[in-house]
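In: build me a model from this:
(one chain, ligands or ions: 1)
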Amino acid sequence: MVTVERARLSPVQVEFYRNNGYLTVENVLSPEQLATARRIVDDLVEQSRGVTSNTEAFALEEGHSAETPRLARINAPSKRHPFFGELYRSDAILDVIEPLLGPDIRHQGEKLNMKTAGGGSAVEWHQDIAFYPYTNDDVLAVGVCLDDHTLENGCMLMIPGSHKGPVLDHHQDGYFIGAISPSREETDLSTAVPVEVGAGGITIHHTRMLHASAPNRSGKSRRLLIYTYAAADAWLLAGDARFVDLDQWNDFMVRGEPTVTPRVIAHDVRMPWPKPPLEDDFQAGRAIFGLQTLARERSFEGR
Ligand SMILES: O=C(O)CCC(=O)C(=O)O
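Out: The predicted structure follows:
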């Protein structure tokens, strides 16, 4: 039997995260977990052959057809297969992030960005906190790499240290479009670093990290399962469809104890409202893939 050593962060890695706002950790998934995740994703892509427009489960990529299924995103992966719920609750991931978030952790969101070979869409520059403002900023995203992530297949790009800067303007013509305008902002995007990780490894980025990714121009897929986690005392300021009552909210606790006394820190916040008149795309999970570009290409002035 092969024993897999569980990844834990060293003090140097924790300091790297605090200073730079991101981190990579290799070999977080066991080979068996990786193989299971890939098999389930392949099955879901098979199921998408019968789909001709965006659904609750699938955001379609350009060129999707029954013959050549191409997905931009699988929404809410744990609703598609329980494995993904087990994974976001697993010690394999929680042991890694506990030194960054503290002992009380809530799972806050999930998606699986597909970036298929030969054309998977770009993700424009944005900060996650612009979509989801909280009472404090102990919030991060874990990206579980189901393939090797390289510059060629569109790995994430990050601006080290940007998590210490302001929340930038993600609006255009008065609407929230989920992307900054590189020409408008003072941020120096030339300092971007590619975040390359092997399959089975994870990326971690702070909720204020400015990040993006290029299209996948390679012949290899780049699948990224994203789980968002928050310290239990970080409460959303802009609402959450899952927050129907306290019991349901607390069901998303994955470690430690819940609380009804949010920790409120002084930090700048922008609300992700109003949404542009592209509600179907937002609901279908295309708020990142494609929509950012679509939104930019349209003018919402006067609507
Ligand atoms: O898939 C990517 O490259 C990044 C995705 C991302 O930043 C997001 O979905 O918030």
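
In: any idea of the mean pLDDT for stretch 76-96?
Out: Taken as a whole, stretch 76-96 has an average pLDDT of 97.

In: check stretch 197-210 too.
Out: 98.

In: for stretch 54-71, buried residues please.
Out: 54, 57-61, 64, 69-71 (16 or more other Cβ atoms under 10 Å). C-beta here means a position set from N, CA and C on the backbone, and glycine is covered the same way.

In: among those, which are located in strands?
Out: Among the buried residues of stretch 54-71, DSSP state E puts 58-60, 71 in strands.

In: let me have the residues you listed in JSON lines, adding pLDDT and distance to the ligand as columns.
Out: Output for those, formatted as JSON lines (pLDDT from 0 to 100; distance: Cβ to the nearest ligand atom, whole Å):
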{"residue": "Phe58", "pLDDT": "94", "distance to the ligand": "15"}
{"residue": "Ala59", "pLDDT": "91", "distance to the ligand": "11"}
{"residue": "Leu60", "pLDDT": "92", "distance to the ligand": "16"}
{"residue": "Leu71", "pLDDT": "94", "distance to the ligand": "12"}
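
In: and of these, the nearest to Ala192?
Out: Ala59 (25.1 Å; Cβ to Cβ).

In: tell me the SS of the closest residue to that closest one other than its chain neighbours?
Out: For Ala59, ignoring the flanking residues on the chain, the nearest one in space by Cβ to Cβ, 6 or more residues apart in numbering is Arg73 at 4.0 Å. Classification of Arg73 using DSSP: H, G, I helix; E, B strand; the rest coil returns strand.

In: for Arg73, list each beta-bridge partner.
Out: On the basis of DSSP bridges, Arg73 is bridged to Ala59, Asn113.

In: the residue of the stretch 1-150 of the chain found nearest the ligand: how many residues sit nearby?
Out: Using Cβ to the nearest ligand atom, Asn113 is the residue of the stretch 1-150 of the chain that sits closest to the ligand, at 3.6 Å. When neighbours are counted by other Cβ atoms under 10 Å, Asn113 registers 24.

In: was I right about it contacting Leu71?
Out: No - checked against Cβ atoms under 8 Å, the pair Asn113 and Leu71 is beyond contact range at 9.3 Å.

In: quick one: the residue nearest to Ala59 from Thr191, how far?
Out: 28 Å (Cβ to Cβ, to the nearest Å).

In: these two: which has the busier surroundings?
Out: The residue with more neighbours, out of Arg73 and Thr191, is Arg73; 26 against 12, by other Cβ under 10 Å.

In: against Asp128, how distant is the more buried one?
Out: From Arg73 to Asp128 the distance is 15 Å (Cβ to Cβ).

In: kindly report the same for Pro160.
Out: 16 Å.

In: who in the protein is up against the ligand?
Out: 113, 123, 128, 156, 211, 213, 224, 226, 288 (Cβ under 6 Å from any ligand atom).

In: check contacts around the nearest residue to the fifth one once chain neighbours are set aside.
Out: This means His211. Excluding the flanking residues, the one nearest His211 by Cβ to Cβ, 6+ apart is Met158, at 4.6 Å. Shown in contact with Met158 (Cβ atoms under 8 Å, 6 or more residues apart in numbering): 21-22, 192-193, 195, 205, 209-211.

In: any weak-confidence spans in the chain?
Out: 1-5, 185, 278-303 (pLDDT under 70).

In: which one's the longest helix in it?
Out: Looking across the chain with DSSP state H, the single longest helix is helix 31-47.

In: can you list contacts of that helix?
Out: Outside helix 31-47, the residues that reach it (Cβ under 8 Å, 6+ apart) are 2, 4, 29, 57-58, 69, 71, 74, 80-81, 83-84, 87, 92, 112, 114, 144, 146, 199-200, 223, 225.

In: try it again at 7 Å.
Out: 69, 71, 74, 80-81, 83, 87, 112, 146, 199-200, 223 (Cβ atoms under 7 Å, 6 or more residues apart in numbering).

In: cross the residues you listed against helices and list the overlap.
Out: Per DSSP H, the subset of these in helices is 80, 83, 87.

In: out of those, which is most surrounded?
Out: Leu87 (22 neighbours).

In: residue contacts, the nearest residue in space to Leu151 that is not next to it in sequence?
Out: In this structure, Leu151 finds its nearest non-sequential neighbour in Pro194, 4.6 Å apart by Cβ to Cβ, 6+ apart. Taking Cβ under 7 Å, 6+ apart as the criterion, Pro194 is in contact with 151, 155, 157.
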